[in-house]
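K.L.:
I would like to see how this sequence folds:
(one chain, ligands or ions: 1)
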Amino acid sequence: MFIQLKNVNKKYTNGKNVIFSLNNLNLEVKKGEIVTVLGPSGSGKSTLLNLIGGIDRADNGDIVIENTNLTKISDKELTKYRRDKIGFIFQFYNLIPNLNVYENVEVSTNISKNAISIEKVLKDVDMFDKKEKFPQELSGGEQQRVSIARALAKNPEILLCDEPTGALDYKNAKEILNLLEKINKEYNTTIFIVTHNNAISSMADRIVRLRSGEIVEDKINTAKIPAEGVEW
Ligand SMILES: Nc1ncnc2c1ncn2[C@@H]1O[C@H](COP(=O)(O)OP(=O)(O)OP(=O)(O)O)[C@@H](O)[C@H]1O
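P.N.:
Residues are numbered from 1 along each chain as shown. Alright, predicted model coming up:
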């Protein structure tokens with residue numbers, strides 16, 4: 001199994017309050033799967049992405065990615081894992097405002113050992129013609145395409161997308177979903193999409209639903225449809 005979480009716990013303490021952000025979580029994901037993670041606000045979706053992405057550490061349990069147990073490796077090794085294997089995509093793009101499109105992607109290829117050509121990824125996301133534009137000159141959908149190019153340029157094995165279409169209108173959101181699907185097919189990238197939008201699940205291979213840090217639904221989507229057909 002490509003990704004395996006076993007009895008994973010993560011709690012936060014806030015003064016006297018203890019919040020179980022993830023509570024004894026078990027999950028297995030195959031290489032190349034598209035997984036949507038659903039659940040109400042505060043249910044642990046971002047925590048799950050942060051643990052798989054090596055941004056944060058579990059309190060206990062095992063998080064095994066290929067043959068690496070993230071709970072057992074040093075901080076230095078965790079940083080290397082995150083740099084080489086993980087691409088993050090956020091709701092609000094997080095582009096660097098004073099760098100142009102090309103340079104925003106270059107930031108990511110500079111630190112990666114598996115980098116693919118910036119020209120290739122900008123063409124993949126259909127932003128090559130705008131490579132000299134600055135973020136503020138782009139629409140939300142275009143900015144998100146650049147942030148996808150930035151994540152993709154590292155040639156990551158896992159793409160972690162936290163509400164990637166949350167700030168976009170329907171047309172742009174559909175384009176981003178199409179693009180994620182295209183990347184999944186071309187590179188066999190395993191993709192997690194955290195979303196409040198249940199409809200997006202129809203393009204997923206797996207649907208995981210969290211509530212209060214626990215998985216309340218984990219199913220293979222037998223009625224999977226192409227992103228093009230997703231409607232809401
Ligand atoms: N750094 C932190 N310090 C304290 N509590 C935290 C921290 N990060 C998350 N939590 C708490 O852990 C729980 C799960 O948070 P998480 O962000 O994973 O939920 P979520 O499902 O992604 O929510 P949303 O949909 O609102 O983004 C929440 O109760 C949250 O308040």
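K.L.:
May I see the buried residues of stretch 182-191?
P.N.:
183-184, 187, 189-191 (16 or more other C-beta atoms under 10 Å). Glycine gets a C-beta too; all of them are placed from N, C-alpha and C.
K.L.:
which two of the residues you listed lie the greatest distance from each other?
P.N.:
I183 and T190 (10.7 Å; C-beta to C-beta).
K.L.:
residues shared between the contacts of those two?
P.N.:
Common contacts of I183 and T190 (C-beta atoms under 8 Å, 6 or more residues apart in numbering): L159.
K.L.:
quick revisit: closest to the ligand among the buried residues of stretch 182-191?
P.N.:
I191 (17.0 Å; C-beta to the nearest ligand atom).
K.L.:
Just the ones in helices from the buried residues of stretch 182-191, please.
P.N.:
Judged by DSSP state H, helices contain the following of these: 183-184, 187.
K.L.:
what bridges to E214?
P.N.:
Applying DSSP bridges to E214 gives these bridge partners: R211.
K.L.:
What's the local residue count around it?
P.N.:
16 (other C-beta atoms under 10 Å).
K.L.:
Tell me which residues touch it, please.
P.N.:
So E214 contacts 23-25, 44 (C-beta under 8 Å, 6+ apart).
K.L.:
Which pair of the residues you listed spans the longest distance?
P.N.:
Taking C-beta to C-beta, no two of the contacts of E214 sit farther apart than N24 and G44, at 11.5 Å.
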